Structures are given as C-alpha cells and as structure tokens.
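Trainee: got a predicted structure here, sequence first:
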Amino acid sequence: MLTTPTFSTVRSEISGLCIKDLVSEFGTPLYVYDQSVIDKRIDDLSAFDRIRYAQKANSNLAILDRMRRKGVVVDAVSAGEIRRAMAAGFSTDPTKHEIIYTADIFDHEALKLVLEHHLPVNCGSPDMIGQIGSQRPGAEITLRINPGFGHGHSQKTNTGGEQSKHGIWHEQVDQCLIDADHHGLMVSGLHMHIGSGTDLEHLSAVCESMEKTALKVGRTLRTISAGGGLPVPYKSDETYVDLDQYFALWDATRNRLGETFGHRLDLEIEPGRYLSAEAGFLIAEVRSVKKVGKNLFALVDAGFNDMARPVMYGAHHPISVCGAKGDVSSRESVDVIIGGPLCESGDIFTQREGGFVESRSLPMPFVGDFITIENAGAYGFVMASNYNSKTRAAEVLIENGKAKLIRQRETFDDLIRGEQIPEIG
Ligand SMILES: *Cc1c(COP(=O)(O)O)cnc(C)c1O
C-alpha cells in the first residue's frame, strides 16, 4: 500500500530539473507536470479492465496523448472535451468505447456531436434517455446512478445523496429502465461516482447498491464502473486508499454479478485526480514580502486565476520555497500567508474552507524566490481564468529528463480575441 509522502517545504528541482532553469526558460507562473508520476499512477490501477480518465481534471492534449499511449481511455463531459479527446487521437469507433460522453445533460452541441460520431453515452438524468432514445433508437447506453448517499471532501465535491445534482436517483431506476425499453435502448453499463475521498466503509455500501441496481437491469449489463474519486493526500495526515482492498471489493461484486448473469463483466475505474494531481506543480515568483499588522504576507505572481481550488473549496496544497540565490533549507521558518496579484481579497492560496486565511510555516521567502504549489496537476490549469485580464500560464511536461512546452503562455491577442468595438449609432 502506498504511504503518504512527506511534503517538504524546500524544493529546488522537479524530476531532476532545476526550478530556476525551468523558470528562466519558460517564465512564471508556470505549470510543470512530471510524466513519470502519471505513468506510475496508471500502473497502480492495472488490475482494472479499463482505466477511464476523467479528463476534466487536466485535459491538456499532451497529457491526453500520453495517457492514450498507455492504454487509458477517456470521459468527456462536454462537446469541448469530446473534441479534445479526438484531437488527442482517441478513436470514435463505437465498438471501442474510447470516448464516453458522461454528463447530467446534453446541451445541443454535445448531443449533435454524440449523434454524429455514434459516441456511447452515460446518462446522468432520466431526460437524457428520451433525448438520445428518440434520435438513436436501439443504441447502447450506460446509467449513472445516485445511490442516495455520497462522500466528498467538501459539500462542493460530494457527488451522491439528495444534495447532489449528479446521476439518476436510485428510486427512479425502474422507471428509467422502462423508458430505455420504450426506445429500444440497451442498458449495457452502470456507473456510480459518489465523490472524492472514498473510504472503504463507504465503498462496501456503494458496491452493495451497485449490485442491487445491476440485478434490476439484468443480463444486458456488460460493464460496471467504480467511478472516480480515488483520494490523493494533500496533507501529511491524509492517506491513499488501499488499492488492493478497493479492487477486491469491486472485483467480488463484479464476479457475483457475472455468475448470476452467466457472463463476465468488465470492471472500469474512472479516476481524475489520482492520475494527474501529484504530477503537477505551479511555480510562481515572489514579488512582495510585507508585514501587515502581525501577519507576514508573501505575494506571488500566480493567483486564483491560475489555481482556483483554495478559493473555491478551501483546498490545502503543499507549498515549498526555492531560493533565487542558494539553498533555503538553512533559513529560519516563518509563518507566512501566500497570496496572489489579483484585486480581490480572497486571492490567497493558504486558506481554509469558508475563506478563513491561514498562515503556513515556510522557510523565510524573499522577493525573487520561487514558491511551488504542489499536487497541482488536477483541477489546476483547467480551472484557470482570465480574471483581471491575466493571461493563462504556460504548461510544461517533463519526460525522459527533458522539459517540453505543451501549452504556450497566452498573449494579449489571445485575451481579446473575439471582442469587438461596434460603430456608434
Ligand atoms: C470528476 C469526475 C470523476 C473524477 O473525479 P476525481 O475526484 O478527480 O477522481 C470521475 N467521474 C466523473 C463522472 C466525474 O465527473
């Protein structure tokens, strides 16, 4: 079983490459991904028949390409994600199921693309069944079920239970099966994703609920999906889930159902953050260190326009310091609040849920040093915005000891593309 890594507050390199060199080549703020970490995480899950990456966690084309080469397939939750997956080389051959559209609604654009490319659909709302069924009778679909309970590290990441907008409510499954039948749709898969931070106790409840639902669907079932939500430790008191036990619980469920149905079921897993979070680093330069009353602030050139998780969920990320000149490990530790450049008082990387600002004990930072926000590879760049007319950061992939640019830093032209000033009158 994987043990929680120790998070050091001192870091001068990423995967053997010096942070100062990365910054002088690519500038700041800079997202850096370590391909070897992604590869390792994919290998961790090799017991499952299929790893379906929830690309919303990090959908850079290069990342998707590398995952595809390792045999990973993808989810798409929007028309844009369908197009991304295609651009990264995933096949739309309907027999391969490399891209599945999985969402709680079809917007018009997504429905058009799904129909055009005959993509498989995982329906998260009863309405989707009629919408796909009336246009593509006879198709195979899978259903995402809300089992009536959930689990997440915050209200905003809990994806099961009555408060959640996701999935088909478990009490409506019977009606959905009737509707699917009415359109001649075949339900070939079931899916449950109850949020991130899954623990094994919740998991056996999920497996039980999956089994019950699967027996309702019956022998048309070919696949069950364990959903996503494999936790990643962001703090030293958090742990990984025991993957062997996790697999064993799902495997037993799959096998029991297989025996009942008389054919083997495929077992999918659908991780997002597990594959990409720990591979990612956001590097920013310290531009001001100032005392404010009793607080010490270090303000850096990345803000919540680059990384929104702390502001959105009070998410905790490990943070380390890299000295502009020399090693920082001999510097005294200070309690410091790390903030960004935005004209918004919530632009703070060290905060708890609810917006309470916290300080972090770090080696004393000085202007010109670099701060690295770690475990930033999932829900990092993909949530970046142009707020305050900031251009989005560059992204770099480290692979085989080389740093490769995988997304150019945005320019002012990118920022105003599509805007126009109409004539007066
Ligand atoms: C977001 C999402 C996931 C992945 O969640 P993680 O917590 O990143 O593993 C998996 N499945 C679906 C349907 C999702 O929406």
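Mentor: Thanks, I have it. Numbers count the residues shown, from 1 in each chain.

Trainee: please report the distance of residue 278 from the ligand.
Mentor: 12 Å (C-beta to the nearest ligand atom, to the nearest Å). To be clear about C-beta, it is placed using only N, CA and C from the backbone, and glycine gets the same treatment.

Trainee: hmm, I was thinking of residue 230
Mentor: On the measure of C-beta to the nearest ligand atom, residue 230 and the ligand end up 6 Å apart.

Trainee: right, and the helix or strand after the longest strand along the chain?
Mentor: Longest strand of the chain, by residue count under DSSP state E: strand 280-292. The helix or strand immediately downstream of strand 280-292 is strand 295-300, counting by DSSP states H and E.

Trainee: wait, a strand at residue 221?
Mentor: No: the assignment for residue 221, made by DSSP: H, G, I helix; E, B strand; the rest coil, is coil rather than a strand.

Trainee: what's near enough to touch it?
Mentor: 187-190, 214, 257, 261, 265 (C-beta atoms under 8 Å, 6 or more residues apart in numbering).

Trainee: for those, give me TSV that also has secondary structure and pLDDT.
Mentor: TSV is the format used below for the contacts of residue 221 (DSSP: H, G, I helix; E, B strand; the rest coil; pLDDT from 0 to 100):
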residue	secondary structure	pLDDT
187	strand	97
188	strand	97
189	strand	97
190	strand	97
214	helix	97
257	helix	97
261	helix	97
265	coil	98
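
Trainee: phi first, then psi, for the most centrally placed residue in the chain.
Mentor: When the chain is reduced to its mean C-alpha position, the closest residue under C-alpha atoms, centre = their mean turns out to be residue 57, at 2.3 Å. Dihedral angles of residue 57 (phi, psi; degrees, to the nearest 10) stand at phi -70, psi -40.

Trainee: run a quick neighbour tally on the closest residue to it other than its chain neighbours.
Mentor: Nearest non-adjacent residue to residue 57, counting by C-beta to C-beta, 6 or more residues apart in numbering: residue 272, 3.3 Å away. By the measure other C-beta atoms under 10 Å, the count of residues near residue 272 is 25.

Trainee: sorry, back to before: do I have it right that the residue nearest to the centre of the chain meets residue 277?
Mentor: Yes: Residue 57 is in contact with residue 277 according to C-beta atoms under 8 Å; the separation is 7.3 Å.

Trainee: show me the common contact partners of those two, please.
Mentor: In contact with both residue 57 and residue 277: 377-379, using C-beta under 8 Å, 6+ apart.

Trainee: contact residues of the stretch 251-400 of the chain facing the ligand?
Mentor: 270-274, 378 (C-beta under 6 Å from any ligand atom).

Trainee: could I get those as JSON lines with secondary structure?
Mentor: Listed next are those as JSON lines, based on three-state DSSP:
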{"residue": "270", "secondary structure": "coil"}
{"residue": "271", "secondary structure": "coil"}
{"residue": "272", "secondary structure": "coil"}
{"residue": "273", "secondary structure": "helix"}
{"residue": "274", "secondary structure": "helix"}
{"residue": "378", "secondary structure": "coil"}
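
Trainee: closest one to the ligand out of those residues, please.
Mentor: Nearest to the ligand out of these is residue 272 (C-beta to the nearest ligand atom; 2.5 Å).

Trainee: ok, that closest one touching residue 52?
Mentor: No: with contact defined as C-beta under 8 Å, residue 272 does not reach residue 52; the gap is 9.9 Å.

Trainee: next, count neighbours for the closest residue in space to residue 50 that isn't next to it in sequence.
Mentor: Distance criterion C-beta to C-beta, 6+ apart; nearest residue to residue 50, sequence neighbours excluded, is residue 268 at 4.5 Å. When neighbours are defined as other C-beta under 10 Å, residue 268 has 23 of them.

Trainee: so which elements touch the strand or helix carrying residue 268?
Mentor: Residue 268 is part of strand 266-269, with elements assigned from DSSP H and E. If you count contacts as 3 or more C-beta pairs under 8 Å, 6 or more residues apart in numbering; DSSP states H and E, strand 266-269 packs onto strand 50-54, strand 223-225, helix 243-261.

Trainee: what's in contact with the last one?
Mentor: Applying C-beta under 8 Å, 6+ apart, the contact partners of helix 243-261 are 1-2, 44-45, 47-48, 198, 200, 203-204, 207, 210-211, 214-215, 218-219, 221, 224, 226, 230, 264-265, 267, 269.

Trainee: any idea how far the residue nearest to residue 309 when sequence neighbours are not counted lies from the ligand?
Mentor: Distance criterion C-beta to C-beta, 6+ apart; nearest residue to residue 309, sequence neighbours excluded, is residue 315 at 3.8 Å. Distance of residue 315 to the ligand, computed by C-beta to the nearest ligand atom: 12 Å.
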